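Enquirer: any chance you can model this:
(2 chains)
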Amino acid sequence: SQTIHQWPATLVQPVGSPLSLECTVEGTSNPNLYWYRQAAGRGLQLLFYSVGIGQISSEVPQNLSASRPQDRQFILSSKKLLLSDSGFYLCARTRQGAVYGYTFGSGTRLTVV
Amino acid sequence: AQSVAQPEDQVNVAEGNPLTVKCTYSVSGNPYLFWYVQYPNRGLQFLLKYITGDNLVKGSYGFEAEFNKSQTSFHLKKPSALVSDSALYFCAVRDIGSGTYKYIFGTGTRLKVLA
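Expert: Next up is the predicted model:
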């Protein structure tokens, strides 16, 4: 199984509040993990990816951070949310190997008010 | 640099008619190409992929895609569209230079199948 668990499914947070979104994966160990944001139901913006525990690469400088405390856990955080952080956040994984595509989680709809 | 383009924001097709969703790509080496579908408020689901071999790739839900190296295209097709095919479709290419299996996505094409 290559299941990805993402929660919560929906979240409404006030501006300036902290954020923690969690993603856990099942299946093959040592997956590559990714956080994407989708705004306005269209394009996907890669935010962070991780190739191992404690290894985080940031694609876009912004108000968010990511951590990977365990092999199959990937967390997206913010200390103070902005209105522009609203969007649909997707966690994804790939297995090690050249020919595997992504498996995506079901996503978290974040609305900052 | 690797890139992928989906030139159409939206495609409308009548139910029962054939559909095509276009995708072109640019990579420095051999491309790994994928199509994903997204239904409202859901994650992306894998449809099909091209790695090597036959240029016509068959995938889930009756979809297929044709890899054309000379035109650097990977168009998604289905012989007979269903209303339930209405969704957002993404083409993706693997960034083989990154070493991290990072995929570059197109901007998406919204398919609307009319009853």
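
Enquirer: phi, psi for the spatially closest residue to residue A:68 that is not a sequence neighbour please.
Expert: Excluding the flanking residues, the one nearest residue A:68 by Cβ to Cβ, 6 or more residues apart in numbering or on different chains is residue A:50, at 4.5 Å. Yep, even glycine has a C-beta here, placed from its N, CA and C like the rest. Main-chain dihedrals, residue A:50, degrees, to the nearest 10: phi -140, psi 130.

Enquirer: quick one: residue A:50 and residue A:58 touch, right?
Expert: No - using Cβ atoms under 8 Å, residue A:50 is not in contact with residue A:58, being 10.4 Å away.

Enquirer: so what sits against both of those two?
Expert: residue A:66 (Cβ atoms under 8 Å, 6 or more residues apart in numbering or on different chains).

Enquirer: more crowded one of those two?
Expert: The residue with more neighbours, out of residue A:50 and residue A:58, is residue A:50; 21 against 14, by other Cβ atoms under 10 Å in any protein chain shown.

Enquirer: OK, contacts around the more buried one?
Expert: Residue A:50 is in contact with A:32-34, A:56-57, A:66, A:68, A:74, counting by Cβ under 8 Å, 6+ apart.

Enquirer: name the member of the residues you listed with the most neighbours.
Expert: Most crowded among the contacts of residue A:50, counting by other Cβ under 10 Å, is residue A:74 at 29 neighbours.

Enquirer: can you pull the contacts of residue B:7?
Expert: Per Cβ under 8 Å, 6+ apart, neighbours of residue B:7: B:22, B:24.

Enquirer: distance of it from residue B:24?
Expert: 7 Å (Cβ to Cβ, to the nearest Å).

Enquirer: next one: residue A:94
Expert: 23 Å.

Enquirer: returning to that earlier point: now the contacts of residue A:50 as CSV including distance to residue B:72 and pLDDT?
Expert: Below are the contacts of residue A:50 laid out as CSV (distance: Cβ to Cβ, whole Å; pLDDT from 0 to 100):
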residue, distance to residue B:72, pLDDT
A:32, 26, 90
A:33, 30, 93
A:34, 25, 93
A:56, 33, 94
A:57, 28, 91
A:66, 33, 96
A:68, 35, 97
A:74, 33, 96
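
Enquirer: for the residue of chain A found nearest chain B, which non-adjacent residue is spatially closest?
Expert: Going by Cβ to the nearest Cβ, chain B is nearest to residue A:104 of chain A, at 3.7 Å. The shortest distance from residue A:104 to any non-neighbouring residue, by Cβ to Cβ, 6+ apart, is to residue B:43 (3.7 Å).

Enquirer: so what's that neighbour up against?
Expert: Contacts of residue B:43 by Cβ under 8 Å, 6+ apart are A:4, A:6, A:90, A:92, A:104-107.

Enquirer: just the buried ones among those, please.
Expert: For the contacts of residue B:43, a burial check counting by 16 or more other Cβ atoms under 10 Å in any protein chain shown picks out A:4, A:6, A:90, A:92, A:104-105, A:107.

Enquirer: would JSON lines of those with pLDDT, secondary structure and distance to residue A:40 be doable?
Expert: Below are those laid out as JSON lines (pLDDT from 0 to 100; DSSP: H, G, I helix; E, B strand; the rest coil; distance: Cβ to Cβ, whole Å):
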{"residue": "A:4", "pLDDT": "92", "secondary structure": "strand", "distance to residue A:40": "23"}
{"residue": "A:6", "pLDDT": "94", "secondary structure": "strand", "distance to residue A:40": "20"}
{"residue": "A:90", "pLDDT": "94", "secondary structure": "strand", "distance to residue A:40": "14"}
{"residue": "A:92", "pLDDT": "93", "secondary structure": "strand", "distance to residue A:40": "19"}
{"residue": "A:104", "pLDDT": "92", "secondary structure": "strand", "distance to residue A:40": "18"}
{"residue": "A:105", "pLDDT": "93", "secondary structure": "coil", "distance to residue A:40": "20"}
{"residue": "A:107", "pLDDT": "93", "secondary structure": "coil", "distance to residue A:40": "14"}
